[in-house]
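Student: turn this into a structure:
(chains A and B)
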Amino acid sequence: MIYHLSPHRLRNIILLLASLIFYTWGAPDFILILLASLLTNFYIVQAMSRTNNPRRRKPLLISSLLINIGLLAYFKYANFLVDNVNFILGQLGLNALHWLEIALPIGISFFTFQSLTYTLDVYRKVHDPLNRVQDYLLYILMFPQLIAGPIVRFHTVADDILDRRHNDTSEEKLHGIFRFIIGLSKKVLLANVLGEQADSIFASNVNELSPNQLWLGIVAYSFQIYFDFSGYSDMAIGLGRIIGFRFPENFNNPYVAQNITEFWRRWHITLGEWMKDYLYIPLGGNRVKTVSRLYFNLFVVFLISGLWHGANWTFVIWGAWHGLFLMLDRAFWMKWLKPIGKFPRIVLNYFIVLIGWVFFRAESLTQAIDYLRGMFRFSAFETPTLSDSELAVSLLLAFLFAFITLSSTGLKLEAWFYREKRNAWGNLSASILFAALFILSLAYVVGSDFNPFIYFRF
Amino acid sequence: MKRPKLTLLLFVVFMLMLILPLFHTLVPFGKIAPLKGAVQTTEKPEWSFEKGYEGSYQTQFESWFNDELSLKPWLIRLRNQLLYSLFNKASARGVIRGKENYLYEIAYIDAYYGRDYRGMDILRTKVAGIKSLQDYLESQGKTILVCLAPGKASFYPEFIPDDLRGEPTDSTNYLQFVQLMQAEGVNHLDLNAWFMEQKDQSDCLLYPQYGIHWSYYGMTQAVNQLAVYIETLRGWKLPRIEITAMERSSTLRYADYDIGQGMNLMFNMKAEPMCYPEFLFTQGDTLFRPKTIVVADSYYWSMHNAGVSTNLFGHGEFWYYNQKVYHGDHSPHETVSEIDFQSRLTQTDLVVILITEANLKHFSWGFVEQALTAVGF
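Tutor: From the prediction side, this is the model:
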């Protein structure tokens, strides 16, 4: 409200203040470190942009990268590293290192990657740096996408930070509200219900559960993570639209992908794009002399992508699993699967993704392996029953919305929900529907204690 | 209306809708009934730099703010109603929706199937304790008795949902308690068995569909059964409940809708007509009103509120879960830990331990042990 009632020249300041309050409220013990690192980075990049001398630019680039990656490495991976070193020391019969656990600052993986794109885009001269420190802070700290993305690469949003009056239309804002409500509904009405089931199954002793329950748990989780994360992205994109930003899309019906390569063009698109632009291509990308180097590049990108999601071997294995199928896609998998048809390929790919989610969701490698073993204990299969009708309906809806675009009616329905411009009747009918969804979501948020956002921990 | 004007208007409406919960909290308008049942609320946190830095202030503030939202009761009712109407789900803690819309609490179903069974050793110790206390009190001219209130799962086993059913067993706290009390000669009145006997004979429902306690009518019958039992034990002539008029109504009252209320729905559930008697306690010079301590769970609330603590008992005290002491004359309540336990015991004629099967796992809530200690055992 304050933002919209303010003159344009004050809007960035208002947005920055709101973002600072937002982050300080959630991570008060990290805000000063964050601000100090951002200010340092801003002036380093400023200095880098002012010179064309490579001998000066390179060290400045490296300093900026070290600050960003160093913070991420320290806060996200130091505990993991020490745990592994201590494990090895223990195996060798040596004393463990003394170490105080470090708390993970909320959203660090996302804003670090954004900060890196700022440095690299300016270094590559893709875009000029921002002249005012408050604009730079706004780019990194903008609250709608600060803690769970989408990862907005600097050059895609730089001009809008300086002037976004061209986006300041009521149609754009109304679409933003609709988009926000779509995201909220996905998160609250689907992801939370399915998450409750997945959490309760993963919290149990998996060796005591039947294969049916284990399959139910991982299928519920696959939909939970999709609707949770894509719901959050919708909310961020919607809020962005309301304040005049056009953030990039992050999801495009990933479960209808026919292979893992396609899956990564549809899932967490902004991370995939980031990895491609700032890691895969610098490694040589596709333009390498040998096939083995190409596979190496792909595998490294996905190992790092896995590790980006969390400091645990489970995430590394998850990344490696996807990396493996990306290599296989290139080698023969896509060719081999061509004759079986579209739907079997989608089912098979969903199955591969599900196996990956077991590693992603499990607390440890042991749990993941036990879980997988239990899923395939065919002798213990029972007739599936689902006595919880809310869960059954949520699963059915999640399944429908995840795969709906396979039909032409589904595509039309999706287009209607996400339509940016509507006629008067379209706006009125959409408003009634989205108002009802908003009230329903609000009732679920207020009435339910179970309301975690999964991607906050990455 | 031109499209930009309409979209602007719709945008403003949505923005107002977004701030409505906050606005309504600051400037309440319209009447929103508060939530019923046990609702845990968070206190407003006091600011300190340490709390703010470690984040505990923020967590508590968010929880407090959520509780303070004036639209919260309405939103919770909306959610509960949808869960109930669409998915057969009861949103109150521990409440189970059984067949044909009969509501239970899970503890009652667990007790009926012996899932909370404490084992013979513990039950024997409990019964031995009460027998010792009974012998001591008898030597002092006083009486103690155990009154087993009915349990909803025992009364309506046919409506327990299939997924919560179990194998019938003798290893339940209720069945073993009754056997042991019979064997040891402990004074007891088994109203659970009596209610089951009367289930098909009574013109009025003894147990409600949406309540967890005996019906209001059932309570009046239980009072008279208790009076008869005490008379048999002691030879006193006690007052009785005399019904003077009877109304049948589908608008449930008193505790007949207590789980229903706790579910906080938008609309009341459709109910079978229940009996609502008007009654008097019989009067007469020959009648004796023993000074009584009733150590009881919530089953005694309907009796206490109906005047049993003053009209059936003289200066009756209601020791709720052996923690709080409520008086029949509505004088301020006390806590058991603060009163002179021994002197209260000395002054009383009668002690009644009124307990339902779901609470038998916590039998007497420490009362027997405290009493034995107080009298020097």
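Student: outline the domain layout of chain B.
Tutor: B:33-69, B:97-374 (automatic domain parsing).
Student: could you say which of the ones you listed is packed most deeply?
Tutor: domain B:97-374 (a mean of 18; mean count of other Cβ atoms under 10 Å in any protein chain shown). All C-beta atoms are positioned from the backbone trio N, CA, C, and that covers glycine.
Student: thinking again about what came up before, including mean pLDDT and distance to residue A:133, could the domains of chain B go into a markdown table?
Tutor: As requested, these are exported to a markdown table (pLDDT from 0 to 100; distance: least, Cβ to Cβ, whole Å):
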| stretch | mean pLDDT | distance to residue A:133 |
| --- | --- | --- |
| domain B:33-69 | 85 | 25 |
| domain B:97-374 | 92 | 51 |
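Student: make CSV out of those and add distance to residue A:236.
Tutor: CSV is the format used below for the domains of chain B (distance: least, Cβ to Cβ, whole Å):
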stretch, distance to residue A:236
domain B:33-69, 20
domain B:97-374, 33
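Student: let me know which of the ones you listed is the nearest to residue A:242.
Tutor: Closest of the domains of chain B to residue A:242 is domain B:33-69, at 22.5 Å (criterion: Cβ to Cβ).
Student: when you scan the closest one, is anything in it near chain A?
Tutor: Yes: counting by Cβ under 8 Å from any Cβ of the partner chain, chain A is contacted by domain B:33-69 at B:52-55, B:58, B:66, B:69.
Student: which SS class is residue B:355?
Tutor: strand (DSSP: H, G, I helix; E, B strand; the rest coil).
Student: if I look at the nearest residue to residue A:27 once chain neighbours are set aside, how far off is chain B?
Tutor: Among residues not flanking residue A:27 along the chain, residue A:106 sits closest, at 4.8 Å (Cβ to Cβ, 6 or more residues apart in numbering or on different chains). Distance of residue A:106 to chain B, computed by Cβ to the nearest Cβ, to the nearest Å: 10 Å.
Student: ok, now which ones touch residue A:106?
Tutor: Each residue near residue A:106 by Cβ atoms under 8 Å, 6 or more residues apart in numbering or on different chains is listed here: A:23, A:26-27, A:30, A:147, A:456.
Student: next step: these restricted to helices.
Tutor: A:23, A:26 (DSSP state H).
Student: quick one: residue A:399 and residue A:222 touch, right?
Tutor: No: look at residue A:399 against residue A:222 with Cβ atoms under 8 Å: they stay out of range, at 10.1 Å.
Student: which helix or strand lies directly C-terminal to the helix or strand encompassing residue A:233?
Tutor: Element membership for residue A:233 (DSSP states H and E) is helix A:211-242. From helix A:211-242 onward toward the C-terminus, using DSSP H and E, the following helix or strand is helix A:260-266.
Student: elements contacting the helix holding residue A:233?
Tutor: helix A:170-185, helix A:192-203, helix A:342-361, helix A:365-375, helix A:389-403 (3 or more Cβ pairs under 8 Å, 6 or more residues apart in numbering or on different chains; DSSP states H and E).
Student: in contact with the closest residue to chain A within the stretch 151-300 of chain B, which residues?
Tutor: Relative to chain A, the nearest point of the stretch 151-300 of chain B is residue B:163 (5.1 Å; Cβ to the nearest Cβ). Contact analysis of residue B:163 by Cβ under 8 Å, 6+ apart lists residue A:387.
Student: so what's the residue at minimal distance from the centre of chain B closest to, chain neighbours aside?
Tutor: Chain B has residue B:298 as the residue nearest its centroid, 3.5 Å off, counting by Cα atoms, centre = their mean. Of all residues not flanking residue B:298 in the chain, residue B:213 sits nearest, at 6.5 Å (Cβ to Cβ, 6+ apart).
Student: the one you found and residue B:222 touch, don't they?
Tutor: No: counting by Cβ under 8 Å, residue B:213 sits too far from residue B:222 to count as a contact (10.3 Å).
Student: tell me how far the residue of the stretch 151-300 of chain B closest to chain A lies from residue B:79.
Tutor: 23 Å (Cβ to Cβ, to the nearest Å).
Student: repeat for residue A:251
Tutor: 27 Å.
Student: of these two, which one has the most company?
Tutor: residue B:79 (22 against 18; other Cβ atoms under 10 Å in any protein chain shown).
Student: check contacts around that one.
Tutor: Residue B:79 neighbours (Cβ under 8 Å, 6+ apart): A:443-444, A:446-448, B:91.
Student: and it, what pLDDT?
Tutor: Note on residue B:79: pLDDT of 91.
Student: name the secondary structure element that contains it.
Tutor: Applying DSSP H and E, one finds residue B:79 within helix B:72-87.
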